[in-house]
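1. structure, please.
(chains A and B, ligands or ions: 2)
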Amino acid sequence: MEHAIKVTGLRKVFGNHTAIEDISFDVKPGEIFGLLGPSGSGKTTTIKILTGELGQSAGEVSVLDTNAGSFGTADFKSRIGILSDNSSLYERLTVYDNLKLFCKLYDAPLDRIDVMLEEVNLKEARSKVVSKLSKGMKQRVLLAKALIHQPELVFLDEPTSALDPGNAAHIQRGLQKLNEAGTTIFITTHDMEEATELCDRVAFLNNGKIQELGSPDALRYKYSTHAFHVETFNGEWLVIENKTENADKIRDLIASGQVKAIHSDNPTLGQIFLKVTGKELV
Amino acid sequence: MNTQRIGAIFEKDLKDFMKNMMLLTMPIIPIILSLIYSRLGGDEGLPVPMLYLIVGVAFSSVTASSMMTMMAEENEKKTLRGLMMSPASFMDIIIGKSLVVGLMTLIALTLSLLFIGIEPFLKIQVIIGLVLLFLFFLFLGIGIGLFTKSVAATSAYLMPVMFLFGFTPMMGFLGLEEDSIVIKIADLFPLMQLINMHETESWMSMGVVAIWTLAAAIFTYICFKKERTDD
Ligand SMILES: Nc1ncnc2c1ncn2[C@@H]1O[C@H](COP(=O)(O)OP(=O)(O)OP(=O)(O)O)[C@@H](O)[C@H]1O
Ligand SMILES: [Mg+2]
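-> Ligands and ions are numbered 1, 2, ... in the order given. I've put the predicted structure just below:
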């Protein structure tokens, strides 16, 4: 399989509102791909189209070598996992019974329930009724549900948005582990640090178009001013451009013993996003 | 269709039903009504229309009502999405739910009929008629459940279903003229046709009920198609 996801010229129109104008990208097998964009930019809509919940208005979509026409088949559905932005659980049932339902629907062995509860740090909530759980706990049960059948590819729509930093970090480590074991991950997030940490590549979605795409490191390098910020012991900040003729200048500074630290000027993904789209990523 | 998935939906919906006070109180209605009626009957038993009124109450307040409530809740709480995105087909989901509703109806109806005397119903023709009528109410429940987006909204649809199709024999108690247009139309309704069949053993009436059931099935299909096509 060359691509886990391939999208060409995708367009989605709701009535007279164009949610996605024209986007193309591909996701390689084994990759963690992040779709970043402000509220209303079409992240959820993209996931819905890639999972067959919505049809596209134009363009080609292929997921796991399957064309959009076959997204409804049981075989395709059992190969992907989905954590959607407002999915929910059966409130009157226990965590265990909720997961048991999906185990059976996906034909996964029941011992996956405890494996997943362990993964999302919820072993103690196993027999709790869902209505008694906190929002973050529910979110973690939903994540367990999305991964219960060991899909090849998972779509995660803001998986950590309801979580406290501790649990978010725990889930991020879990996702990294999952990815190391071979699962392809397609994730949307508002959290730039999360995207920088987790994603092999990110795409910036704005006004229905992809405005930038690449690995976080490559993007940070691309938008860097390529200067060094030299911090001295007397509190001064010197900006020195990364040019061969400046080598002696930096050498002399270090030799004089004044240099406290040298920083690169790579912007954060959030800063790049602001620069590219003119919008804060909130 | 897949029996394991149908079984999974059945198990989930049965557990959910047993924990849902709103659904759980519905089967009690026909049972209490039949308890009250059984006191009225005296030695020669209740008149046939009264017996069928219990049947109508059971089918409308248990079959149609719990089906539309269960489906509306899946819509409202967005859980239906999770099911639809899983390998379960829409048929698996509907059949799993229908089995739960069928079981609950069977329990409520059997208990109710035991109080008012079940013997008149133990005839093959009558049982076939009851099954057709059950399917009629089940289809109505599924159809309405497909387009209602919240549990609260179902009551607006449940009322006409109850009064038109569940309480039809009440028309006879309104004191209208035998040949008034209202009575004539009401006589064509499925429950009245079953009463007629019970009294005359006419297969013709069964045919009319079958047509009603078919119409309800078409109604469900139209609701299904409509729901599928709008985003
Ligand atoms: N079913 C729908 N009908 C009409 N318009 C829709 C529908 N779904 C989404 N939209 C519109 O499409 C645009 C993109 O919405 P989408 O939910 O994909 O954004 P998003 O990037 O996921 O936002 P958020 O970060 O808030 O979740 C929005 O303008 C939204 O109003
Ligand atoms: Mg969204």
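
2. show me the contacts for the closest residue to ligand 2 within the stretch 1-150 of chain A.
-> Nearest to ligand 2, among the residues of the stretch 1-150 of chain A, is residue A:44, at 3.2 Å (CB to the ion). From N, CA and C alone the C-beta is placed, and that goes for glycine too. Taking CB atoms under 8 Å, 6 or more residues apart in numbering or on different chains, we find residue A:44 in contact with A:84-85, A:157, A:188.

3. show the buried residues in these.
-> A:84, A:157, A:188 (16 or more other CB atoms under 10 Å in any protein chain shown).

4. put together JSON lines for those, with distance to residue B:114, pLDDT and secondary structure on each row.
-> As requested, the buried ones among the contacts of residue A:44 are exported to JSON lines (distance: CB to CB, whole Å; pLDDT from 0 to 100; DSSP: H, G, I helix; E, B strand; the rest coil):
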{"residue": "A:84", "distance to residue B:114": "47", "pLDDT": "91", "secondary structure": "coil"}
{"residue": "A:157", "distance to residue B:114": "52", "pLDDT": "95", "secondary structure": "strand"}
{"residue": "A:188", "distance to residue B:114": "57", "pLDDT": "95", "secondary structure": "strand"}
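
5. so which of these is the closest to residue B:34?
-> residue A:84 (45.6 Å; CB to CB).

6. spatially nearest residue to residue 170 (excluding sequence neighbours)?
-> If you meant another chain, say so; for now it's chain A. Distance criterion CB to CB, 6 or more residues apart in numbering or on different chains; nearest residue to residue A:170, sequence neighbours excluded, is residue A:121 at 5.7 Å.

7. meant chain B actually
-> residue B:53 (6.9 Å).

8. pull the distance from stretch A:162-182 to the chain's centre.
-> Distance of stretch A:162-182 from its chain centroid, counting by CA atoms, centre = their mean, to the nearest Å, is 11 Å.

9. stretch A:121-140 too?
-> Using CA atoms, centre = their mean, the offset of stretch A:121-140 from its chain centre is 23 Å.

10. now it: buried residues?
-> Here stretch A:121-140 shows A:121-122, A:125, A:129-130, A:133, A:136-140 as buried, counting by 16+ other CB under 10 Å.

11. near ligand 2, which residues of chain A?
-> A:43-44, A:85 (CB under 5 Å from the ion).

12. neighbours around residue A:153, how many?
-> Counted with other CB atoms under 10 Å in any protein chain shown, the neighbours of residue A:153 add up to 21.

13. again, but for residue A:112
-> Considering only other CB under 10 Å, residue A:112 is surrounded by 20 other residues.

14. show the model's pLDDT score for it.
-> With respect to pLDDT, residue A:112 scores 97.

15. what of residue B:198?
-> Per-residue confidence at residue B:198 stands at 84 (pLDDT).

16. for residue A:50, same thing?
-> Per-residue pLDDT puts residue A:50 at 96.

17. tell me what the nearest residue to it once chain neighbours are set aside is bridged to.
-> Among residues not flanking residue A:50 along the chain, residue A:63 sits closest, at 5.6 Å (CB to CB, 6+ apart). Taking DSSP bridges as the rule, residue A:63 bridges to residue A:5, residue A:66.

18. return the distance of residue A:63 relative to residue A:188.
-> Distance from residue A:63 to residue A:188, counting by CB to CB, to the nearest Å: 16 Å.

19. could you do residue B:153 as well?
-> Distance of residue B:153 to residue A:188, computed by CB to CB: 32 Å.

20. repeat that for residue B:79.
-> Going from residue B:79 to residue A:188 by CB to CB gives 22 Å.

21. same question for residue A:270.
-> Between residue A:270 and residue A:188 the distance is 15 Å, computed by CB to CB.

22. tell me the one of the buried ones among the contacts of residue A:44 nearest residue A:29?
-> Relative to residue A:29, the closest of the buried ones among the contacts of residue A:44 is residue A:188; by CB to CB it sits at 19.4 Å.
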